[in-house]
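Trainee: My questions concern the predicted model and sequence given below.
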Amino acid sequence: MKNGEKKKYWNFKAAAREGEGELYIYGDIVSWQWDDSDTSANSFKQDLDALGDIHTLKLYINSPGGSVFEGVTIYNILKRHKARVVVYVDALAASIASVIAMAGDEIHMPRNTMMMIHNPWTFSWGNAAELRKAADDLDRIGASMKQTYLDRAGDKLAEDKLTELLDAETWLSAQECLDYGLCDVVGDSNQAAACVSEELFAKYRNVPKDLLAKNAPKSNGPEDKLTPEYRQSIRETASLEIQNIKSIIGGIING
């Protein structure tokens, strides 16, 4: 890596076996890439195409979600691709990232990973008619997302139960995802879950307390304020604020 060059948090690469490829989504799903951790549908397609003729694609996810339309596009790109798609949730597949995960022909989740599902939301402004239209649009988008989960779950998840889970912004364990038909294999715990940052959690309202505690920064005194970990927490907080501003300005529908 060249001096000063940023490390990407997502990438495509050819795997060791011929005919296989790998993809990592370790950041926000966005319409426009603001930094190297972002993934857009356009960048996704370009890198997938660059893999060439593959028969198996391994998709690794640790993402808080983001733009619904970009995520749905990525989902459809994967469903159209001729390769067998094997999804690995490395830590968290939240919001629209959980919808992307549903594109997998096989979905793996280590025991210490999670999936979060909720109804889509957006920022909106205007007169009463415009606000009613925005609400109707959200209902239609939410119905489409709901159908994606139902198609994957089969008879393991009833629609009324799914509606309850979506309304409550539910954080599902790997075992719960298996029980509901939202994953196929629950494996041994991994270390990747420790990489989930406070930046992800600040976007949602029902983050499990034990998950927050596990990722809470530890401080023994003022001298800790100069540690690399503390500086990183400042950068993550600033990045979150920038993302919130972008969402407000753009009126992006998120999931």
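Mentor: Everything's here; your move.

Trainee: What segments of this structure are strands?
Mentor: Ranges of strands in the chain, per DSSP state E, are 11-14, 20-25, 56-63, 84-94, 106-110, 114-117, 170-173, 185-187.

Trainee: elements contacting the last one?
Mentor: Counting contacts by 3 or more Cβ pairs under 8 Å, 6 or more residues apart in numbering; DSSP states H and E, strand 185-187 is packed against strand 106-110, helix 174-179. C-beta coordinates here come from the backbone N, C-alpha and C atoms, glycine included.

Trainee: Span of stretch 95-107 from start to end?
Mentor: Terminal residues of stretch 95-107 are spaced 16 Å apart (Cα to Cα, to the nearest Å).

Trainee: Any chance you could list what contacts it?
Mentor: 25, 29, 59, 61, 63-68, 70-72, 74-75, 78-79, 84-87, 89, 93, 115-118, 145, 148-149, 151-152, 177, 182-185, 204, 254-255 (Cβ atoms under 8 Å, 6 or more residues apart in numbering).

Trainee: repeat that for 6 Å
Mentor: Stretch 95-107 has contacts (Cβ atoms under 6 Å, 6 or more residues apart in numbering) with 29, 61, 63, 65, 68, 71, 74-75, 78-79, 84-87, 93, 115, 117, 145, 148, 152, 183-184, 255.

Trainee: buried residues in that stretch?
Mentor: For stretch 95-107, the neighbour count (16 or more other Cβ atoms under 10 Å) marks 95, 96, 97, 98, 99, 100, 101, 102, 103, 104, 107 as buried.

Trainee: In CSV, list these along with pLDDT and distance to residue 39.
Mentor: As requested, the buried residues of stretch 95-107 are arranged in CSV below (pLDDT from 0 to 100; distance: Cβ to Cβ, whole Å):
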residue, pLDDT, distance to residue 39
95, 92, 13
96, 92, 11
97, 94, 9
98, 96, 15
99, 96, 14
100, 96, 9
101, 97, 14
102, 97, 17
103, 97, 14
104, 97, 16
107, 98, 18
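
Trainee: got the residues you listed as a markdown table, with distance to residue 50 columns?
Mentor: Listed next are the buried residues of stretch 95-107 as a markdown table, based on distance: Cβ to Cβ, whole Å:
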| residue | distance to residue 50 |
| --- | --- |
| 95 | 27 |
| 96 | 23 |
| 97 | 22 |
| 98 | 26 |
| 99 | 24 |
| 100 | 19 |
| 101 | 22 |
| 102 | 24 |
| 103 | 19 |
| 104 | 21 |
| 107 | 24 |
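
Trainee: And the helices in this structure, which stretches?
Mentor: Assigned by DSSP state H, the chain shows helices spanning 41-50, 68-80, 96-101, 128-153, 159-167, 174-179, 198-201, 209-215, 228-250.

Trainee: any idea which of those helices scores lowest on pLDDT?
Mentor: Note on the helices of the chain: lowest mean pLDDT is at helix 228-250, with a mean of 52.

Trainee: Can you give me the end-to-end span of stretch 94-103?
Mentor: For stretch 94-103, the end-to-end distance is 14 Å (Cα to Cα).

Trainee: most neighbours per residue, which of the helices and strands packed on strand 185-187?
Mentor: strand 106-110 (a mean of 22; mean count of other Cβ atoms under 10 Å).

Trainee: Report the angle between that one and strand 84-94.
Mentor: Going by axes from the mean of the first three to the mean of the last three Cα atoms, to 10 degrees, strand 106-110 is angled at 40 degrees with respect to strand 84-94.

Trainee: mind listing what strand 106-110 pairs with, with the direction of each?
Mentor: Strand 106-110 has these partner strands in its sheet, going by DSSP bridges: strand 84-94 (parallel), strand 185-187 (parallel).

Trainee: I'd like the ones you listed as a markdown table, with mean neighbour count and mean pLDDT appended.
Mentor: What follows is the strands paired with strand 106-110, written out as a markdown table (neighbours: other Cβ atoms under 10 Å; pLDDT from 0 to 100):
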| stretch | mean neighbour count | mean pLDDT |
| --- | --- | --- |
| strand 84-94 | 24 | 95 |
| strand 185-187 | 15 | 96 |
